[in-house]
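Chemist: Structural data only, the sequence is not supplied:
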């Protein structure tokens, strides 16, 4: 499919577009299709939501946590200049390198986001948009040094796009009352920590208010411009589950996803929060 056509029709979120998107990756060596299937609607919805209110000319995107480049490719097809950041192991895969080279997506391997040393090579004000989607809930380190780099790289007038699960979702962990009453705590369980094979657990899920507080504490330069509770991205093919999802999504406060955009109108203060023992 021609890139310009893809940019026009990807918003339809129909099966044909999804199949053609998968076929593009297949041409360059394949991709984890199960993950793409689960997240395709989220990628497309995030792009649509951002573009619905982005009125600036800036097209330089830094996709932090780009994984197999599914989201990076989608934004590239929409006309953005995308650079991708992820673990070195991911970017050593031939299929990832192939599609990145074909679409002109620079790869920035970063072994340790806590230090984010590799980001230091990026020039000041070199990104207009920073994508930080489904990443914040995985962070287990103090992120101050990382956000100093992001603040430096993001140009005045730019935005950070954060998506993350809503802790107060109708299917979220906040409603696990029996576990709470048994003294088993909150967040991910001990069993999930020990038995789940994963590169990163959902260590900490956030409420909308918490994400806004997170950026308020980081810097007065960060200004929230959008904080939406988003409905289910990928609806079930099972009829009764689909109906249940649609019904529960009618209650905004219980929707399962957060889409938050943080603007950086100017750089006057920098990152002001400090960590202490």
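Modeler: Received, thanks. Computed from a prediction, not measured in an experiment: that's the story for all the values here.

Chemist: Pull the number of nearby residues for residue 112.
Modeler: By the other CB atoms under 10 Å criterion, the neighbourhood of residue 112 contains 12 residues. Bear in mind the C-beta positions are built from the backbone N, C-alpha and C, glycine included.

Chemist: Also residue 253?
Modeler: 11.

Chemist: Could you look up the SS state of it?
Modeler: The three-state label for residue 253, taken from DSSP: H, G, I helix; E, B strand; the rest coil, comes out as helix.

Chemist: so it sits right up against residue 170, yeah?
Modeler: No - distance between residue 253 and residue 170: 9.3 Å, which falls outside the contact criterion (CB atoms under 8 Å).

Chemist: avg pLDDT for the longest helix along the chain?
Modeler: Ranked by residue count under DSSP state H, the longest helix found in the chain is helix 33-51. Mean pLDDT, taken over the full extent of helix 33-51, equals 95.

Chemist: Run the chain-centre distance for it.
Modeler: In this view, helix 33-51 has its centroid 10 Å away from the chain centroid, taken as CA atoms, centre = their mean, to the nearest Å.

Chemist: what comes into contact with that helix?
Modeler: Applying CB atoms under 8 Å, 6 or more residues apart in numbering, the contact partners of helix 33-51 are 10-11, 13, 18, 21-22, 25, 67-68, 70-71, 74-75, 78, 129, 133-134, 159, 161, 163, 226, 228, 230, 233-234, 257, 259, 261.

Chemist: now the host helix or strand of residue 89: mean pLDDT?
Modeler: Under DSSP states H and E, the secondary-structure element containing residue 89 is helix 88-91. If you average the pLDDT over helix 88-91, you get 95.

Chemist: buried residues in the next helix or strand after that helix?
Modeler: Towards the C-terminus, the helix or strand next in line after helix 88-91, according to DSSP H and E, is helix 94-103. Buried positions in helix 94-103, judged by neighbour count with 16 or more other CB atoms under 10 Å: 95-96, 99-100, 103.

Chemist: And the residues you listed, which is closest to residue 185?
Modeler: Ranked by distance to residue 185 (CB to CB), the buried residues of helix 94-103 are led by residue 96 at 37.1 Å.

Chemist: pLDDT score assigned to that closest one?
Modeler: Per-residue confidence for residue 96 comes out at a pLDDT of 98.

Chemist: Does it touch residue 72 like I think?
Modeler: No - with contact defined as CB under 8 Å, residue 96 does not reach residue 72; the gap is 9.8 Å.

Chemist: circling back to that earlier point, so among the contacts of helix 33-51, which ones count as buried?
Modeler: 10, 18, 21-22, 25, 67-68, 70-71, 74-75, 78, 129, 133-134, 159, 161, 163, 226, 230, 233, 257, 259, 261.

Chemist: now, which of these lie within helices?
Modeler: Among those, the members falling in helices (DSSP H) are 18, 21-22, 25, 70-71, 74-75.

Chemist: Pick the one among the residues you listed closest to residue 53.
Modeler: Nearest to residue 53 among those: residue 75, at 15.7 Å, using CB to CB.

Chemist: Okay, buried residues for stretch 186-196 please.
Modeler: Neighbour counts using 16+ other CB under 10 Å place residue 189 of stretch 186-196 among the buried residues.

Chemist: That one: end-to-end distance?
Modeler: Start-to-end span of stretch 186-196 (CA to CA, to the nearest Å) is 17 Å.

Chemist: contacts for that stretch?
Modeler: 173-174, 176, 179-180, 201-205.

Chemist: again, only using 10 Å
Modeler: Surrounding stretch 186-196, the residues in contact under the criterion CB atoms under 10 Å, 6 or more residues apart in numbering are 167, 173-174, 176, 179-180, 184, 198, 201-205.

Chemist: How far does it sit from its chain's centre?
Modeler: Its chain's C-alpha centre and that of stretch 186-196 lie 22 Å apart, by CA atoms, centre = their mean.
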